[in-house]
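A.B. asks: what follows is a predicted structure for the sequence shown.
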Amino acid sequence: MCGIFGIITNEEQILGPILIDAARRLSYRGYDSVGCATVSTGGEIDLRKDVGCVNDVSARLRFAEMRGYRGITQLRWATFGAPSYENAQPHLDSDGDMVGAHNGNVVNNVQMRELFIREGLTVRGTNDGETCVHAVERHFDRNGGQMLEAIRAAYNDLEGDYAFVITHRDDHRLYAIKKGSGLVAGLGDGLTCVSSDLPSILPLTRRILRVYDGEIVVLSPEGVELYGVHDGARIDRRTEWYDGPIEVAEKGGYPHFMLKEIHEQPTVAGELLHLLNGSRHVGRFLDALRAPGGRPVYLVGCGTSYHACLLGAYYFNQLAGVAAVPVLGPQFIEQYGQSVGPADTAVFVSQSGETKDVLNAVKVMRQRGGRVLGVLNVLGSTLMNASDVYLPLACGYEISVPATKTFVNQAVLFLYLAHRLAERDTAELDNLPGLLALVTELSEEPARAVTAYLQGWDDLYYLGYGLTHPIALEGALKLKEITYAHCEGIFSSEFKHGPLSAVHDGYPVVFIAAPGDEMMMINHVNEVTVRGGRSIVIAAQHEALHSNAHDYLVVDETDRYLWPILATVPAQLVAYFMSVARGIDPDFPRNLSKTLTVD
Ligand code: AGP
């Protein structure tokens, strides 16, 4: 949620295109509003911002022509303060001498704003990013214009987790601070920059400097200095050379990133299996999973990553006899936070590696002395650094807000680990990429056809049994996330215990039946159809089940454990086509953000 980027260069120039590119690369973090500010060598601040996505706002406000030698851009996912011009970032201080922007949440925002108003500062909106700027302004005015000291004092006033970047027209530097939210600095030729994450820095430089919580970054064109916020002491840290790929955010001929990423699933699954077969980390990961000696392993995630944990728990239990407990990040804290200890292991799963709900659970596990294993897609993320051992998902950059390929690879990774724990041959998993390619090709038309019916409904269910329960939850999440219809995923046998009352003429219910579960699923289908509901079934070819269903999407029979991963594809495609048919951009659904770094 929210992304910030700041840059300072050795001469005044047109900075707009650099800021726009950085904003585009950060836009998966929020697209409620966007803004840019530049500072000229004469100290003039040019601030342009508005509600909307980067392409629209930057064209309308002509960001491309913005000049200066210092620049800031911010992408907002609204938490404090509705999306509006006033709440769009960056923000000016009262007299327009300072400009800054933040990412994160200042939880005492309301109290701070009241204080500023009482003290006569000019508060224009209700956003906590503005609060960060005023908090610095207040101390700056009192301490005779020392930015570093003003930021240190502001840190003591601002409660919550955040990072912000700020500059003063008369101080030829850019300042940033990290407290709980992501921040990394880059050192290029004649420039230095700071950002919420790497992709916006890499086009400018591969020389990076890691920043940790409680540190202030001072940027000048010549270099970057770090200071501890508590004692103000200078911190020496070596820069690093990043030699990983620079991800290119291209749709590659597809109309949306989501469709492209669905089509990448066969490739990334193959790459992940290849990586796991040759990885040193897998052995250490497995040792940690075996260590508890009968104690359950916790699989912790949120949203789609949680659904992968649910599937992983089935794999661990059914294939390897390893007791695994799938649990949401905050639920882990509430339910097990007092009982886990040094003998316990938890696998924390997160595409971004920055989800606060997951990182909070990591913190609790650490405090309790347990082992922290990480599964993540974004290398260099907070989760990666916080893990005793981690495994990458190797999906490349996932841009579309709805997770697709990362879910598939989370499931593949759990299946692979379950095979290894069970000492089963993993060779059969090598069929997965080919099977995923086939199901993607064969599912497009049937998924489109089903969408034509679902289109007229704003309420439906996805039902799965056992291994397909996580897929039903994931299908429902995808659908509600990008079509705005209400869709619930539940365990199919639970439907008759209450939700069945929703069924009336034509009411759609999607069933997912794994090979072997078809005869039992016929009962669940009939409970719906005899009441006038419409049954849409995703299953392998099965005559009896087929004859009981209204619509039937075939996913060819294969190994019972591989099959749920394949069945994910038609569910993803149904959501995608329905979203497009509704005129929604599936890549950037309203109100959402790809990376949720707030509680
Ligand atoms: C998935 O489509 C969602 N965008 C969301 O549920 C996501 O999976 C969740 O926010 C967790 O993100 P993470 O994997 O980066 O931790």
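C.D. replies: Thanks, I have the structure now.
A.B. asks: quick check: residues of this structure near the ligand?
C.D. replies: Residues of the chain lying close to the ligand by Cβ under 6 Å from any ligand atom are 302-305, 350-352, 355, 358, 401-403, 481, 596. C-beta: built from backbone N, CA, C; applies to glycine.
A.B. asks: at 8 Å what do you get?
C.D. replies: Contact residues, the chain versus the ligand (Cβ under 8 Å from any ligand atom): 301-306, 349-355, 357-358, 377-378, 401-404, 406-407, 477-478, 481, 592, 594-596.
A.B. asks: who touches residue 376 in this structure?
C.D. replies: Contacts for residue 376 (Cβ atoms under 8 Å, 6 or more residues apart in numbering) come out as 349-353, 383-384, 387, 390, 392-393.
A.B. asks: which residues in the stretch 451-599 of the chain form helices?
C.D. replies: With helices called from DSSP state H, counting those that start in this stretch, the stretch 451-599 of the chain shows them at 469-483, 518-529, 543-548, 563-581.
A.B. asks: give me the neighbour count for the residue in the stretch 251-400 of the chain that the ligand sits nearest to.
C.D. replies: Residue of the stretch 251-400 of the chain nearest the ligand, by Cβ to the nearest ligand atom: residue 303 (1.9 Å). Using other Cβ atoms under 10 Å, residue 303 has 23 other residues around it.
A.B. asks: quick check: it touching residue 402?
C.D. replies: No: the criterion here is Cβ atoms under 8 Å, and residue 303 misses it with residue 402 at 9.7 Å.
A.B. asks: any common contacting residues for those two?
C.D. replies: When contacts are counted by Cβ under 8 Å, 6+ apart, the set common to residue 303 and residue 402 is empty.
A.B. asks: contact partners for the closest residue to residue 129 other than its chain neighbours?
C.D. replies: Leaving aside its chain neighbours, residue 129 sits nearest to residue 102 (4.1 Å; criterion: Cβ to Cβ, 6 or more residues apart in numbering). For residue 102, the contact set (Cβ under 8 Å, 6+ apart) comprises 2, 4, 74, 89, 128-129, 132, 162-165.
A.B. asks: let's go with 7 Å and repeat that
C.D. replies: Counting by Cβ atoms under 7 Å, 6 or more residues apart in numbering, residue 102 touches 4, 89, 128-129, 132, 162-164.
A.B. asks: next one: residue 513
C.D. replies: For residue 513, the contacting residues are 465, 468, 521, 537, 539, 545, by Cβ under 7 Å, 6+ apart.
A.B. asks: residue 408 now?
C.D. replies: Residues in contact with residue 408, defined by Cβ under 7 Å, 6+ apart, are 265, 269, 565, 568.
A.B. asks: check residue 221 too.
C.D. replies: Going by Cβ under 7 Å, 6+ apart, residue 221 touches 8-10, 190-192.
A.B. asks: show me which of those residues is closest to the ligand.
C.D. replies: Of all the contacts of residue 221, the one sitting nearest the ligand is residue 192; the distance, using Cβ to the nearest ligand atom, is 28.3 Å.
A.B. asks: and whichever strand in the chain runs longest, what does it pack against?
C.D. replies: In the chain, with assignment by DSSP state E, the single longest strand is strand 3-14. If you count contacts as 3 or more Cβ pairs under 7 Å, 6 or more residues apart in numbering; DSSP states H and E, strand 3-14 packs onto helix 16-26, strand 67-76, strand 98-106, strand 160-168, strand 174-179, strand 191-195.
A.B. asks: any idea what residue 3 is bridged to?
C.D. replies: Listed beta-bridge partners, residue 3: residue 75 (assigned using DSSP bridges).
A.B. asks: and residue 348, by the same measure?
C.D. replies: Counting by DSSP bridges, residue 348 is bridged to residue 300, residue 374.
A.B. asks: what pLDDT is listed against it?
C.D. replies: pLDDT for residue 348: 98.
A.B. asks: so what's it up against?
C.D. replies: Counted by Cβ under 7 Å, 6+ apart, residue 348 has contacts 300, 358, 361-362, 372-374, 383.
A.B. asks: which residues touch the helix or strand residue 309 falls within?
C.D. replies: Taking DSSP states H and E as the definition, one finds residue 309 inside helix 303-320. Helix 303-320 has contacts (Cβ under 7 Å, 6+ apart) with 297, 299-301, 322-326, 328, 349-351, 403, 407, 410-411, 414-415, 418-419, 421-422, 424, 466-467, 469-470, 473-474, 477, 561, 564.
A.B. asks: now the element after that helix, going C-ward?
C.D. replies: strand 324-328.
A.B. asks: what angle sits between the following helix or strand past that next one and strand 324-328?
C.D. replies: Where DSSP H and E defines the elements, the next helix or strand beyond strand 324-328 is helix 329-336. Taking axes from the mean of the first three to the mean of the last three Cα atoms, to 10 degrees, helix 329-336 and strand 324-328 form an angle of 120 degrees between their directions.
A.B. asks: what is the burial count for the nearest residue to residue 197 once chain neighbours are set aside?
C.D. replies: Distances taken as Cβ to Cβ, 6+ apart place residue 182 nearest to residue 197, at 5.5 Å, with adjacent residues excluded. Residues lying near residue 182 (other Cβ under 10 Å) number 25.
A.B. asks: cool, and residue 582?
C.D. replies: Going by other Cβ under 10 Å, the residues that sit close to residue 582 add up to 14.
A.B. asks: separation between the residue lying closest to it once chain neighbours are set aside and residue 191?
C.D. replies: Spatially, and ignoring its direct neighbours in sequence, residue 582 is nearest to residue 483 (5.7 Å; Cβ to Cβ, 6+ apart). According to Cβ to Cβ, to the nearest Å, residue 483 stands 43 Å off from residue 191.
A.B. asks: what do you get for residue 276?
C.D. replies: Using Cβ to Cβ, one obtains 39 Å as the distance from residue 276 to residue 191.
A.B. asks: check residue 21 too.
C.D. replies: Separation of residue 21 from residue 191 (Cβ to Cβ): 13 Å.
A.B. asks: same thing with residue 594?
C.D. replies: Separation of residue 594 from residue 191 (Cβ to Cβ): 27 Å.
A.B. asks: what does residue 424 give?
C.D. replies: In terms of Cβ to Cβ, residue 424 sits 53 Å off from residue 191.
A.B. asks: show me which of those two is the more surrounded one.
C.D. replies: Set residue 424 next to residue 191 and count neighbours by other Cβ under 10 Å: residue 191 wins out with 21 against 14.
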